[in-house]
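# prediction below, plus the sequence it came from.
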Amino acid sequence: MPGSELKADLWISEYITPWDIYQHGVVRILAHRETAYQQMYIVETGSYGKALVLDGKWQSCTGDEFLYHEPLVQVPCVYHGDPETVLVLGGGEGATVREVLKWRSVEKVVMVDIDGEVVDACKEHLSEMHQGAFEDARTEVLIADALDCLDESENKWDVIISDLSDPIEEGPSFKLFTREYFEKCRRALKDDGVFVVQAGPLAPAELKLHVRLVNTVKSVFEHVASYGSYVPTYASPWGFVVASSRCLDTRLDPAEVDRTLAEKTTGVFRMFDGTTLLGMMQQPRHIRDAIALETEVFTLNEPPKFFGKGVAQQGGQIAGG
């Protein structure tokens with residue numbers, strides 16, 4: 001097969017499965033350090049702008065992060081309707097907080113991230129993502145363990161957003177995708193609160209993580225729904241799980257959602273509206289069937305193990321089809 005001459009001097013190779021790699025061509029390294037918890041890169045890519053990479057796993061980038069952050073935040077906020085207090089667990093780039101602050105009803109959003117070095121680097125290099133959210137008077141940032149914060153937050157939050165890095169075994173968050181963690185989130189919510197977690201890829205080869213996360217959340221919450229959004233730089237559709245003690249109607253009227261957004265939010269949505277919400281909540285049959293058949297749950301004794309770290313490598317030419 002003919003190859004293509006590619007101009008990047010550095011490639012970040014993200015292992016999707018043991019047999020699949022997504023390579024991101026890097027134009028410039030903006031920040032790199034080994035923190036107490038993980039390896040961090042902030043890079044400028046050839047196609048998708050600036051990106052945060054943790055332990056070799058792509059977190060988000062300026063070119064398509066809206067396809068991740070808008071669904072993550074706006075779905076639970078729409079289901080709640082009038083969120084005043086919001087807890088973000090993870091979310092170092094600040095884009096999750098940015099989306100929360102679009103709701104006029106929000107009085108306080110607390111972002112808890114264990115790695116202050118990552119947060120500081122994102123503040124400095126990823127202003128396109130946070131767009132000043134860290135400086136908003138309603139925002140409080142805590143550099144702390146999410147579990148400690150949850151233990152001190154019983155019946156406090158309208159919405160909890162779990163925006164943690166992927167649960168690779170060597171990373172700081174793999175135990176935070178378990179039933180015990182979701183139970184802490186449930187206790188920290190107000191009685192009618194809404195919870196959401198980023199829940200892994202939806203590609204067939206990787207679907208097991210998502211469906212077991214859905215089943216694990218179901219072991220804690222009465223009403224649970226799976227949804228997804230396609231994020232190109234993740235090399236896969238990406239899954240989310242929203243949960244609450246209140247009923248979650250997966251077929252909300254798009255016109256009603258649009259009216260809610262017009263009345264209760266500010267700012268611009270690039271992908272999210274009532275029609276998008278309706279579409280995202282209708283998972284394909286193979287995903288629904290897999291969720292229906294799943295019986296196992298993740299626990300602290302048996303936490304999820306997401307596949308592999310990525311690597312950075314030098315080189316300006318790669319064989320391709």
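Sure thing, it's come through.
# CA atoms of stretch 291-305 as CSV?
Extracted C-alpha coordinates of stretch 291-305, given in CSV (Å, rounded to 0.1, in the frame of the first residue of the first chain):
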residue,chain,number,x,y,z
ILE,A,291,-26.9,-3.4,28.6
ALA,A,292,-29.9,-5.6,29.1
LEU,A,293,-27.7,-8.8,29.2
GLU,A,294,-25.1,-7.4,31.6
THR,A,295,-25.2,-8.8,35.2
GLU,A,296,-21.8,-7.8,36.7
VAL,A,297,-21.0,-4.6,38.6
PHE,A,298,-17.7,-2.9,39.3
THR,A,299,-16.6,-2.8,43.0
LEU,A,300,-13.5,-1.7,44.9
ASN,A,301,-12.5,-5.4,45.0
GLU,A,302,-13.1,-5.7,41.2
PRO,A,303,-12.7,-2.2,39.7
PRO,A,304,-12.6,-1.6,35.9
LYS,A,305,-9.3,-1.8,34.1
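# buried ones in that stretch?
Residues of stretch 291-305 classed as buried: 291, 294, 297-298, 303-304 (neighbour count, 16 or more other C-beta atoms under 10 Å). Bear in mind the C-beta positions are built from the backbone N, C-alpha and C, glycine included.
# farthest pair in those residues?
Comparing all pairs in the buried residues of stretch 291-305 by C-beta to C-beta, the longest separation belongs to Ile291 and Pro303, at 19.6 Å.
# tell me where the protein has helices.
For the chain, the helices defined by DSSP state H cover 66-80, 95-100, 116-125, 127-130, 146-151, 179-188, 207-218, 254-264, 274-280, 285-293.
# now those helices in CSV, with mean pLDDT?
Output for these, formatted as CSV (pLDDT from 0 to 100):
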stretch, mean pLDDT
helix 66-80, 98
helix 95-100, 98
helix 116-125, 96
helix 127-130, 96
helix 146-151, 88
helix 179-188, 95
helix 207-218, 95
helix 254-264, 98
helix 274-280, 98
helix 285-293, 98
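# just say which of the ones you listed is most tucked in.
Of all the helices of the chain, helix 95-100 has the most neighbours on average by mean count of other C-beta atoms under 10 Å, namely a mean of 28.
# pretty sure Gly193 sits against Tyr79.
No - in this structure, Gly193 is not within contact of Tyr79 by C-beta atoms under 8 Å, at 10.0 Å.
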